[in-house]
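1. let's see this in three dimensions:
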Amino acid sequence: MHTVVIGGGVIGLTQAYHLAREGAEVTVVDARGTGLGASKVNAGWICPAESAPVPGPGVVLKSMKWMLRPDSPLYIRPSLDPSFVRFMLGMWRKSNSRDQRAGFEGHLRLAADTLQIFDEYRADGMDFEMHTDGLLMAFMEQDNFDHHIDNLDLASQYGRQPRVLNRDAVHEQEPLLTDGVLGGIYFPQERHVDPGAMTAALHRRLVAMGVRIVENSPIDAVELNGNRVTTVHSGGNRYTADSFILAAGAWSGNLSKQFGVPLPVRPGKGYSVEVPALRLRSAVNLWDAKVAVTPFNDRLRLAGTMEFGGLDEKVNQVRVDAIMRAPGKYFRGWEPPATKPTPMAGMRPMTPDGLPVIGHLGHLQNAYVSTGHGMMGVTLAPGTAAALTDLVLHGKQSPVLAPFTSARFRGGARPTPQPVA
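-> Numbers count the residues shown, from 1 in each chain. Predicted coordinates for the structure are as follows:
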């Protein structure tokens, strides 16, 4: 059984590993080097407790206000392109409590075994920085704090053990917080990793397992025979296989058209910067500012913003400067580094409902998709890979994949899974 995985980010590499671990022959084809873009520059959080979809109550009003601010946490570059308009209308339709809770529960189910699988990766020889200190959400605005307290029942139901902290308790949990922080929520089980080190470790392990990795080879053509994919092309190279998995992150929307199954996956640009280390007790979500703070052994990473626009990784310094200002409101003694850090940008794959697309690729019998994980790629990658491996190799459709079918965008029935000998 030979599978071609298109895409070498955290989703594609994790998928390739799970397939190879089950004995499949695997080829990974990436348009550039593996582990770049959003897979490298994200906050590195393993945080099922924070995996609610982006569309939710109040998002429409906030996004309209933020469109007028170039340094806002969410920026939407206006466009009259019909596909963009449909995408934004779809997102705004899903910006309600019912749909967000349903999506959150779907993510929690998909990530149920995430921590166990990460431990398996380490036990299999993958060497990357990982911390088990939990995650603290810090709030300066009472309305935001109250909203999150009201929605902790799902996190509790799925074993995330949230602890609501009042003003005194949150400062005891993280002594570096300023008096402006009025409360917090601490999730003791959440973790964080160095995402660049993680994807590099995956790459090394895949090579050791005999997986073929082809870099700097963008897919430019797809051959179909009825409802099956026979070959994908990259330049003068042809890749034939028994099955194909589209896992190209933010580029999946464009590539899906070549398979005849266009998916509404659009890029949501995020930024990160690294500064000298700060002795924090855990990762911290500066929730009102929408900035993620990740302490690594030798440095601190600040990550944030969501920018809907073109498929590029150009850096907007205005938005980077906003990320750099945020810690000054939350942490005592915060001073920006004397030397301006070099910012990094990455394109997150976003869908209108904020949920990934996992499973069969439309009507195609031997083509699959794994994309649209948004800001939750590191968190959802292990569960995604495990469930999709069962579908690809054994024809087993896990119930956890039900909310993520590509058919929800097309209204068509997906093919019946068929076991592969």
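2. return the set of buried residues in stretch 83-102.
-> The neighbour-count check on stretch 83-102 (16 or more other CB atoms under 10 Å) flags 84, 87-88, 90-91, 94-95, 99-101 as buried. Backbone N, C-alpha and C define where each C-beta goes, glycine included.
3. please enumerate the strands of the stretch 201-350 of the chain.
-> Here the stretch 201-350 of the chain has its strands, by DSSP state E, counting those that start in this stretch, at 212-214, 221-225, 228-234, 237-240, 243-246, 266-275, 283-286, 291-295, 300-308, 344-350.
4. can you put those strands in JSON lines and add mean pLDDT, distance to residue 143 and mean neighbour count?
-> Shown next, in JSON lines, are the strands of the stretch 201-350 of the chain (pLDDT from 0 to 100; distance: least, CB to CB, whole Å; neighbours: other CB atoms under 10 Å):
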{"stretch": "strand 212-214", "mean pLDDT": "98", "distance to residue 143": "48", "mean neighbour count": "16"}
{"stretch": "strand 221-225", "mean pLDDT": "97", "distance to residue 143": "48", "mean neighbour count": "13"}
{"stretch": "strand 228-234", "mean pLDDT": "97", "distance to residue 143": "49", "mean neighbour count": "18"}
{"stretch": "strand 237-240", "mean pLDDT": "97", "distance to residue 143": "52", "mean neighbour count": "14"}
{"stretch": "strand 243-246", "mean pLDDT": "98", "distance to residue 143": "40", "mean neighbour count": "28"}
{"stretch": "strand 266-275", "mean pLDDT": "96", "distance to residue 143": "25", "mean neighbour count": "23"}
{"stretch": "strand 283-286", "mean pLDDT": "98", "distance to residue 143": "16", "mean neighbour count": "26"}
{"stretch": "strand 291-295", "mean pLDDT": "98", "distance to residue 143": "18", "mean neighbour count": "24"}
{"stretch": "strand 300-308", "mean pLDDT": "93", "distance to residue 143": "20", "mean neighbour count": "22"}
{"stretch": "strand 344-350", "mean pLDDT": "96", "distance to residue 143": "25", "mean neighbour count": "24"}
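5. and residue 144, which of those strands is closest to it?
-> Closest to residue 144 of the strands of the stretch 201-350 of the chain, according to CB to CB: strand 283-286, at 10.9 Å.
6. so how far is that closest one off the chain centroid?
-> The chain centre lies 17 Å from the centre of strand 283-286; the measure is CA atoms, centre = their mean, to the nearest Å.
7. same question for stretch 237-246.
-> 24 Å.
8. run through who's touching that stretch.
-> 1-7, 12, 15, 27, 29, 214, 217, 229-233, 252, 255-256, 259, 361, 366-371, 388, 392, 420 (CB atoms under 8 Å, 6 or more residues apart in numbering).
9. for stretch 313-320, same thing?
-> 37, 70-71, 75, 269, 271, 273, 305, 307, 343-347.
10. make it 7 Å
-> 37, 70-71, 271, 273, 305, 307, 343, 345-347 (CB atoms under 7 Å, 6 or more residues apart in numbering).
11. what of stretch 82-95?
-> Counting by CB under 7 Å, 6+ apart, the neighbours of stretch 82-95 from elsewhere in the structure are 55-57, 59-60, 76, 264, 266, 352-354.
12. 10 Å - rerun?
-> 53-64, 76-79, 81, 99-100, 102-103, 253, 262, 264-266, 308-309, 350-355, 409 (CB atoms under 10 Å, 6 or more residues apart in numbering).
13. average pLDDT across stretch 384-402?
-> For stretch 384-402, mean pLDDT rounds to 97.
14. so how far does it reach from one end to the other?
-> This stretch, stretch 384-402, spans 12 Å end to end (CA to CA, to the nearest Å).
15. then stretch 234-243?
-> Start-to-end span of stretch 234-243 (CA to CA) is 17 Å.
16. again, but for stretch 132-144
-> End-to-end for stretch 132-144, by CA to CA: 26 Å.
17. for stretch 384-404, same thing?
-> End-to-end distance for stretch 384-404: 10 Å, by CA to CA.
18. returning to what we had before: which of the strands of the stretch 201-350 of the chain sits closest to residue 129?
-> Per CB to CB, nearest to residue 129 of the strands of the stretch 201-350 of the chain: strand 291-295, 10.4 Å.
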